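A.B. asks: Can you look at this prediction? I've put the sequence above it.
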Amino acid sequence: MIMASSSTDGQHTNEIKNLTPHKIVLPADLLKDIQDTEAKGCLDNDSSDGFFYIPNFISEAEEEHIISKIQSAPQPKWRTLHARSGEKIGRLQNWGGQVTKQALIAEQLPEFLTSFPPLLERIRETGAFQGSKHGEPNHCLMNEYEPGQGILPHEDGSAYFPTVATVSLGGHTLLDVYRYASQDAQSDASKPADSSAKAREQLPRFSILQEPRSLLITQGAAYKYFLHGIAEREIDEDKHLSTVTNGDMVADTSVRDTIRKAKEGGDSNSDHSLQRQLRYSLTLRDVERVAPKNLMAMMMGKQ
Ligand SMILES: O=C(O)CCC(=O)C(=O)O
Ligand SMILES: [Fe+2]
């Protein structure tokens, strides 16, 4: 095992066996008007519900290795996402099998998740999946974002155990976290076209800065009560960085300073912005219902 601190020396952090010190402190008024007591765990220091941020979860060498595997994946492994207008809005790869309404049609996870680096094992050791059926993720979605690309606010949904582990590679991003609109606001014009969907507030309540090589765990009530998205921007400016809630946990000191200055405001002449780079994210989850092997064999036989 490599022993290293969380400084930017290219190594990964020591094994994380307890997520509590990594819990992100969220704005105190976040749950105002939310009656559900379950949601309160997000603000409670000792609860496993919430967002947890760990910089340098993987080393630079490991990051480079995973990126090279992503980039050299065979063409059919890529799926390109298009907007209604036809514009290309991103690409993804799916690892671990197909998630259907009924169950996961499981496939072997690649070595860059299981052996080098031993990502699954490291994630299991954090305890984040300790309440889930498999105790660790069995599925991974890889999203590619060029600067200017993002993902619309959404919830990850009920096909998965309500924990997601996100490993960032390449560049940073800001994950924006939104609340659903209050009951009163639900009935007004902001309601989405799909009438079964709940309206959300226009602006994010806060943002989480994800550095390359970091791990973000979104767990329990944080998974269930909020939506998350990534704005389509090339540059994160003062006004965006000033809503970042994990600034003090960021390992890169120049990024940390930029966030601090953006929050302090005042000096409007200096530039407190961060240019986005090509970013990959690995979102790892546990699909608790897995199709039995004999059923899978039958389905494969039919193809
Ligand atoms: O790229 C990210 O960090 C978020 C991706 C995401 O929300 C998803 O794949 O569901
Ligand atoms: Fe998501």
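C.D. replies: Arrived safely. Because the structure is predicted, anything quoted here is derived from the model rather than measured. Residues are numbered from 1 along each chain as shown. Ligands and ions are numbered 1, 2, ... in the order given.
A.B. asks: measure the residue of the stretch 151-300 of the chain found nearest ligand 1 to Ala231 for me?
C.D. replies: Closest residue of the stretch 151-300 of the chain to ligand 1, CB to the nearest ligand atom: Ser281 (3.2 Å). In short, each C-beta sits where N, CA and C put it, glycine included. Ser281 sits 15 Å away from Ala231, going by CB to CB, to the nearest Å.
A.B. asks: For the stretch 201-303 of the chain, which residues are neighbours of ligand 1?
C.D. replies: For the stretch 201-303 of the chain, the residues in contact with ligand 1 (CB under 6 Å from any ligand atom) are His228, Ser281, Thr283.
A.B. asks: Out of the residues you listed, which sit inside strands?
C.D. replies: Counted as lying in strands by DSSP state E, out of those, are His228, Ser281, Thr283.
A.B. asks: Turn the residues you listed into JSON lines, including pLDDT and distance to His22.
C.D. replies: Output for those, formatted as JSON lines (pLDDT from 0 to 100; distance: CB to CB, whole Å):
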{"residue": "His228", "pLDDT": "97", "distance to His22": "18"}
{"residue": "Ser281", "pLDDT": "98", "distance to His22": "18"}
{"residue": "Thr283", "pLDDT": "98", "distance to His22": "18"}
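A.B. asks: Same list (the residues you listed) but as a markdown table, adding neighbour count and distance to Thr253.
C.D. replies: Listed next are those as a markdown table, based on neighbours: other CB atoms under 10 Å; distance: CB to CB, whole Å:
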| residue | neighbour count | distance to Thr253 |
| --- | --- | --- |
| His228 | 24 | 26 |
| Ser281 | 22 | 23 |
| Thr283 | 19 | 27 |
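A.B. asks: want to throw the residues you listed into CSV with distance to Pro147?
C.D. replies: Converted to CSV, those look like this (distance: CB to CB, whole Å):
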residue, distance to Pro147
His228, 19
Ser281, 14
Thr283, 20
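A.B. asks: in the stretch 51-200 of the chain, which spans are strands?
C.D. replies: Counting by DSSP state E, counting those that start in this stretch, the segments of the stretch 51-200 of the chain that form strands are 78-82, 88-95, 97-99, 104-106, 139-145, 151-154, 163-169, 173-179.
A.B. asks: what about those, which gets the closest to Asn56?
C.D. replies: Of all the strands of the stretch 51-200 of the chain, strand 163-169 sits nearest to Asn56, with 11.1 Å by CB to CB.
A.B. asks: which parts of the stretch 51-200 of the chain sit against ligand 1?
C.D. replies: Checking the stretch 51-200 of the chain against ligand 1 by CB under 6 Å from any ligand atom, the hits are Leu141, Asn143, Ile151, Asp156, Thr166, Leu175.
A.B. asks: Many thanks, I have nothing further to ask.
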